[in-house]
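> Got a predicted structure plus its sequence, pasted below:
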Amino acid sequence: MLRSVQGIVLRSMDYGEGNKIISLFTPELGKVGVMARGAKKVKSRHAAVTQLFTYGDFVFFKQKGQMGSLNSAEIIEAHHALREDLHMSAHASYLVEMTDRMLGDEEGSAYIFEQLKAGLMAIQEGKDMQIVVHLYEMKMFELAGYLPVTDACVSCGETTGMASFSPAMGGTLCTRCRYKDAVALPIGEGTYKLLKLFPRMDMRRLGAVQVKDETKNQLKACMRAYMDVHIGVQWKSRGFIEQMEKYNI
């Protein structure tokens, strides 16, 4: 069957002497593997459109249970900047790696597609990469069914006075309940406001936010710990980001 879809390239792998296999994320079909014959060749019409992060129109032939074969493609947004800047590339890679590893094959989600598309564009436009990543992580938690409780105390239901975040208990704790998790992470008012906002916020509405370093550090600690406890995946791209942070690259 011939399919015509918009898609974002999540992975691009060399195959054989001149071919590439790409993993496309599409709103209708979810993740789809597609063979792009001859795409490794410099003069190939498919060379540019099969690069990582590329957003475009793709036409491919696919039979049930088999890999697709690319017929034609047109670039909508090449995202050159995401591949040329080390920090942008690392953070954009984390977005596509989460999408690739947390969605099953042919598991479509138009909403997640729009969030990823907006996230990549936000990084390219120079918006705060850390905030973009944390907002997208929250979308992934929701998709996986592990959305943390951030609008009230996860223990007693109190809606004011949040003092800490407990990855193990699954959300925020108020001042009266923070003793229930000795290793819960302390959070300030700014961190709590963002944790509460993220589940309801659409990536397409993200503006040029200004967040204090202390708030960003608390937020990073909360989101990474929650990811490790509930998702438990060793993210290659996040590991690279952590190395850059460690050595101030």
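Arrived safely, thanks for sending.

> need the contact list for residue 31.
By C-beta atoms under 8 Å, 6 or more residues apart in numbering, the contact set of residue 31 is 10, 23-25, 99-100, 103-107. Every residue, glycine included, has its C-beta placed from N, CA and C.

> hmm, I was thinking of residue 57
4-6, 73-74, 76.

> and the residues you listed, which are buried?
5-6, 73 (16 or more other C-beta atoms under 10 Å).

> so what's the residue nearest to residue 206 when sequence neighbours are not counted scoring on pLDDT?
Counting by C-beta to C-beta, 6 or more residues apart in numbering, the nearest residue to residue 206 once its immediate chain neighbours are dropped is residue 122, at 5.6 Å. On pLDDT, residue 122 comes in at 98.

> Okay, now the sheet partners of the longest strand seen in the chain, with direction.
Of all the segments assigned as strand in the chain under DSSP state E, the longest by residue count is strand 2-15. Sheet partners assigned to strand 2-15 using DSSP bridges are listed as strand 19-26 (antiparallel), strand 55-61 (antiparallel).

> Quick one: mean pLDDT for stretch 197-204?
97.

> How about stretch 229-238?
In the prediction, stretch 229-238 has an average pLDDT of 96.

> May I see the buried residues of it?
For stretch 229-238, by 16+ other C-beta under 10 Å, it's 230-231, 235, 237-238.

> now what about it, what contacts it?
For stretch 229-238, using C-beta under 8 Å, 6+ apart, the contacting residues are 90-91, 93-94, 97-98, 101-102, 140-141, 144, 146, 167-168, 170, 224, 227.

> how about a cut-off of 7 Å?
Stretch 229-238 is contacted from outside by 90, 93-94, 97, 101, 144, 146, 167-168, using C-beta atoms under 7 Å, 6 or more residues apart in numbering.

> centre of the chain versus it, how much separation?
12 Å (C-alpha atoms, centre = their mean, to the nearest Å).

> Perfect, I'm done here.
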